[in-house]
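Asks: sharing a sequence plus its predicted fold:
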Amino acid sequence: MTRINPTQPHESLAIQIFKPNYRSEKRLPVLFFLIYLAVWTALFYMISGCSSTSPQRLQAHFESEPQATEVIRGKLSAQPQDRLPVGLAIVLDTGGSQAPVAITENTWPQFAARVKHEAQKHFPVSMQEVIQLERIPSGEAFGLMKGISENSQIEAILVVLSSGKEVRGPAQFNVLPEVGTLNGYQVENHAIVELGLLDTKSGKLLLQSQGRSFAILEQLDSPMASNRYPKVTGSAMTNPIFPEDRRALETLRIVALNEALDQAIMKLEGKWPTGLGKPKLAAPAQGSVAPSELGI
């Protein structure tokens, strides 16, 4: 009698081959998150790299005054109140911007009020006139500014030029524990503000500075009402802003713009000749720092 040893059932082999790897299942969400993080990191550094190499357009249009300190000293010495009469030119030119900028036909007066307040607060200047220009003041545009200065004895003109870059990508947000994670998107706006103090007689740059900043908007895809989104956070802000849905992008751009302006003002103050004139603390300009200026 021949004894036949029973073989192992084929089912056990099938189960062994197709049994899912629990450890692999746990790694998949981590892998997707790392890919998502790598994409956003690459986008961030790409934008940061582009911003860091952006040319200073005012320096490309105007020659710098090598004797700027002597010129400013001479202009201030002729003023009885030791404050330089200055005009303000807000340029709406978007030629160097890769994103919609916050300065528009509707918002430029509020922005001009903020610039005027900050300039008179940090520099011994007195803003006499404010004008709006469609492009960087050269040729006929600069002739127009010189004409204004002849009528009002303006000694210099502070030119403000802004540009920006913006990127948008998907994101996920934890709204509430009982709701869980919801899909949304994140928008990052990088703003650049250039300031240039032009001598109205020579047309040369007496002082120049550049400020950079960024702000982030977090928004849900779903129309669900939330007191946490949309949320705007600036690079220099300690507390976020929660604007209305329809004004979220506008708020994002204005926050980045104002922070870039503040940095440009600070840098320009550092370049002002020491001991020339005394800035007078100006009263807050109406609406210059109000929430309405931020689009909320």
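Replies: Perfect, I can see it now.
Asks: for the rest of this, base every contact and every neighbour count on C-alpha atoms.
Replies: OK.
Asks: and the closest residue to Asn183 other than its chain neighbours, what is it in contact with?
Replies: Among residues not flanking Asn183 along the chain, Gln172 sits closest, at 4.6 Å (Cα to Cα, 6 or more residues apart in numbering). By Cα atoms under 8 Å, 6 or more residues apart in numbering, Gln172 lies in contact with 181-185.
Asks: ok, Asp199 next?
Replies: Here Asp199 is in contact with 155-157, 205-206 (Cα under 8 Å, 6+ apart).
Asks: just the ones of those in strands?
Replies: Among the contacts of Asp199, the members found in strands (DSSP state E) are 156-157, 205-206.
Asks: out of those residues, who's the most crowded?
Replies: Neighbour counts for the ones in strands among the contacts of Asp199 (other Cα atoms under 10 Å) peak at Ala156, which has 29 neighbours.
Asks: quick check, nearest of the contacts of Gln172 to Gly196?
Replies: Closest approach between the contacts of Gln172 and Gly196, by Cα to Cα: Tyr185, at 36.3 Å.
Asks: report how many residues lie close to that closest one.
Replies: 16.
Asks: next one: the nearest residue to it once chain neighbours are set aside from Gly277, what distance?
Replies: Leaving aside its chain neighbours, Tyr185 sits nearest to Pro170 (4.2 Å; criterion: Cα to Cα, 6+ apart). Distance, Pro170 to Gly277, by Cα to Cα, to the nearest Å: 51 Å.
Asks: average pLDDT for stretch 68-75?
Replies: When pLDDT is averaged along stretch 68-75, the result is 92.
Asks: actually stretch 102-119, sorry about that
Replies: pLDDT averaged over stretch 102-119 gives 90.
Asks: now do the buried residues in it.
Replies: 102-103, 108-119 (16 or more other Cα atoms under 10 Å).
Asks: Asp262: neighbour count?
Replies: Each residue near Asp262 was counted by other Cα under 10 Å, and the total is 19.
Asks: please enumerate the helices of this protein.
Replies: Counting by DSSP state H, the chain has helices at residues 10-18, 22-52, 57-61, 68-77, 108-122, 140-152, 248-271.
Asks: how about residues contacting the third one?
Replies: Looking back up the chat, that one is helix 57-61. 136, 138, 194, 196, 205, 208.
Asks: and the residue nearest to the third one when sequence neighbours are not counted, how far is that from Leu195?
Replies: With sequence-adjacent residues excluded and distances taken as Cα to Cα, 6+ apart, Glu194 is closest to Gln210, at 4.5 Å. Note on Gln210: its distance to Leu195, by Cα to Cα, is 6 Å.
Asks: circling back: residues touching the residue nearest to Tyr185, list them.
Replies: Applying Cα under 8 Å, 6+ apart, the residues contacting Pro170 are 183-186.
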